[in-house]
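Novice: dropping a prediction and its sequence here:
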Amino acid sequence: MSLIDLSKQVALGVDIGGTNTKFGIVNHRGEVLDKGNLRTDAYDKVEDFIDALYEHVRPMMEKYGTEAHFDGIGVGAPNANYYKGTIELAPNLPWKGVIPFAELMTAKFNLPCTVTNDANAAALGEMLFGAARGMKDFIMITLGTGVGSGIIANGSLIYGHDGFAGELGHTIVKPGGRKHWSTGSEGSLEAYASATGITITAKKMRAEFPESMLNQYPEDEINSKTVYECAMNEDPIAIEVFRYTGQKLGEAIANFVMFSSPEAILLFGGVIKAGDFILKPAKLHMERNLLPIFRNKVKLVFSELDEADAAILGASALVWEK
């Protein structure tokens, strides 16, 4: 019986965003051997996008194909359905309807393809290559333009009966609260804890407090980055923006902990660059809202994955998980 040389196995990881798509060749140790990107929004037809992706990736595959074995393709994308291999009704992608994405990719690349949403892919990447190594029960929360999540229980992703489990960003944290700019729901976690939500909070608070450093910026420059800059300069209003955001996040996490009892909650994405400005209030309000049996048991930590490569690693992890 011949043994498989894992060092020679590689996967193609693809992360599809509304504006850009990242892709890379990843080996079994989580090393990104080569990578690239292309514009998602430059292609009105998904077939044209896949053709362009293939032309970008083909030189990489030819380069490594003589030395390694490609096990498959993993794709992280908005509204991707793991069970069906489809991308369904994704509002921020140029291709509408239900797209048989895995089938189209397999036909073009002649490799098996697995798809899931980007937060699920991030959770798998963290479990294989990051801070969740060795953990069997944890929740990955991605804090970027939106809020996504991937739930790992007993070492496996929770997909639900239809493939769409894990939309913690759309759970309601303030009934009748802030209206979501896309879904129209009122009071969702994403409306408060995402980078978009932070921007809304900051604009509201700076209007109420003219003395805030936030008022030194034009309206269109107010975002999570400028809030962080002001917080680092000890502006109390900017600090309060993050405290309020952390409070809403921590209250929501307390609910997540009590229904799933994870070992850890991992936070990933551009918003976590705020560091303790968000982490400390999130931890405080998580613990404050937990039943005593859950207190001081759950770690609340930041991802260890390199942000530049995390999406590619997460997508490739879909191949290794199989």
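Specialist: Here it is on my side, so go on. Keep in mind it's a predicted model, so treat the numbers as computed, not measured.
Novice: for the stretch 101-250 of the chain, which segments are assigned as strands?
Specialist: Listed in chain order, the strands of the stretch 101-250 of the chain (DSSP state E, counting those that start in this stretch) span 113-116, 138-143, 147-153, 156-157.
Novice: tell me which of these sits most buried.
Specialist: The highest mean neighbour count among the strands of the stretch 101-250 of the chain, using mean count of other C-beta atoms under 10 Å, belongs to strand 138-143: a mean of 29. Backbone N, C-alpha and C define where each C-beta goes, glycine included.
Novice: coming back round to it: with mean pLDDT added, can I get the strands of the stretch 101-250 of the chain in a markdown table?
Specialist: Conversion of the strands of the stretch 101-250 of the chain to a markdown table gives the following (pLDDT from 0 to 100):
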| stretch | mean pLDDT |
| --- | --- |
| strand 113-116 | 96 |
| strand 138-143 | 96 |
| strand 147-153 | 94 |
| strand 156-157 | 93 |
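Novice: would you list those in CSV and tack on distance to residue 52?
Specialist: Shown next, in CSV, are these (distance: least, C-beta to C-beta, whole Å):
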stretch, distance to residue 52
strand 113-116, 16
strand 138-143, 26
strand 147-153, 26
strand 156-157, 29
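Novice: ok, which of these comes nearest residue 30?
Specialist: Smallest distance to residue 30 across these (C-beta to C-beta): 15.8 Å, for strand 138-143.
Novice: export that closest one to PDB, keeping only CA atoms.
Specialist: Listed next in PDB are the C-alpha coordinates belonging to strand 138-143 (Å, rounded to 0.1, in the frame of the first residue of the first chain):
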ATOM      1  CA  PHE A 138     -16.300  27.400  18.800                       C
ATOM      2  CA  ILE A 139     -17.900  30.200  16.900                       C
ATOM      3  CA  MET A 140     -16.100  32.400  14.400                       C
ATOM      4  CA  ILE A 141     -17.600  35.900  14.000                       C
ATOM      5  CA  THR A 142     -16.400  38.000  11.100                       C
ATOM      6  CA  LEU A 143     -16.600  41.700  11.600                       C
END
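Novice: list of residues touching it?
Specialist: Residues outside strand 138-143 that contact it (C-beta atoms under 8 Å, 6 or more residues apart in numbering) are 118-119, 122-123, 126-127, 132, 147-152, 168, 193-195, 249, 253, 256, 260, 262-272, 303.
Novice: any low-confidence regions in the stretch 51-200 of the chain?
Specialist: 66-68 (pLDDT under 70).
Novice: hmm, residue 121 and residue 318 touching each other?
Specialist: Yes. The criterion here is C-beta atoms under 8 Å, and residue 318 meets it with residue 121 at 6.1 Å.
Novice: list the residues that contact both of these two?
Specialist: Common contact partners of residue 318 and residue 121 (C-beta under 8 Å, 6+ apart): 74, 75, 76.
Novice: identify the residue nearest residue 120 in space, chain neighbours excluded?
Specialist: Using C-beta to C-beta, 6 or more residues apart in numbering and skipping residues adjacent in sequence, the residue nearest residue 120 is residue 150, 4.2 Å away.
Novice: what bridges to that neighbour?
Specialist: With DSSP bridges as the criterion, residue 150 is bridged to residue 140.
Novice: doesn't residue 157 make contact with it?
Specialist: Yes. Between residue 150 and residue 157 there is a contact at 6.3 Å, judged by C-beta under 8 Å.
Novice: give me the common contacts of those two.
Specialist: What both residue 150 and residue 157 touch, as defined by C-beta under 8 Å, 6+ apart, is the set 120, 123, 124.
Novice: so of these, which ones are in helices?
Specialist: Counting by DSSP state H, the part of the shared contacts of residue 150 and residue 157 found in helices is 120, 123, 124.
Novice: which one (most neighbours) among those?
Specialist: Greatest neighbour count in these, by other C-beta atoms under 10 Å, goes to residue 123: 32 neighbours.
Novice: look up the closest residue to that residue, ignoring the ones flanking it.
Specialist: Nearest non-adjacent residue to residue 123 (C-beta to C-beta, 6+ apart): residue 150, at 2.8 Å.
Novice: cool, residue 40 as well?
Specialist: Counting by C-beta to C-beta, 6+ apart, the residue nearest residue 40 is residue 21, at 4.8 Å.
Novice: residue 41 is in contact with that neighbour, correct?
Specialist: No. Assessed by C-beta under 8 Å, residue 21 is found out of contact with residue 41, at 9.6 Å.
Novice: which of these two has more neighbours?
Specialist: More crowded of residue 21 and residue 41, by other C-beta under 10 Å: residue 21, with 24 against 14.
Novice: the more buried one and residue 57: what is the separation?
Specialist: Separation of residue 21 from residue 57 (C-beta to C-beta, to the nearest Å) stands at 11 Å.
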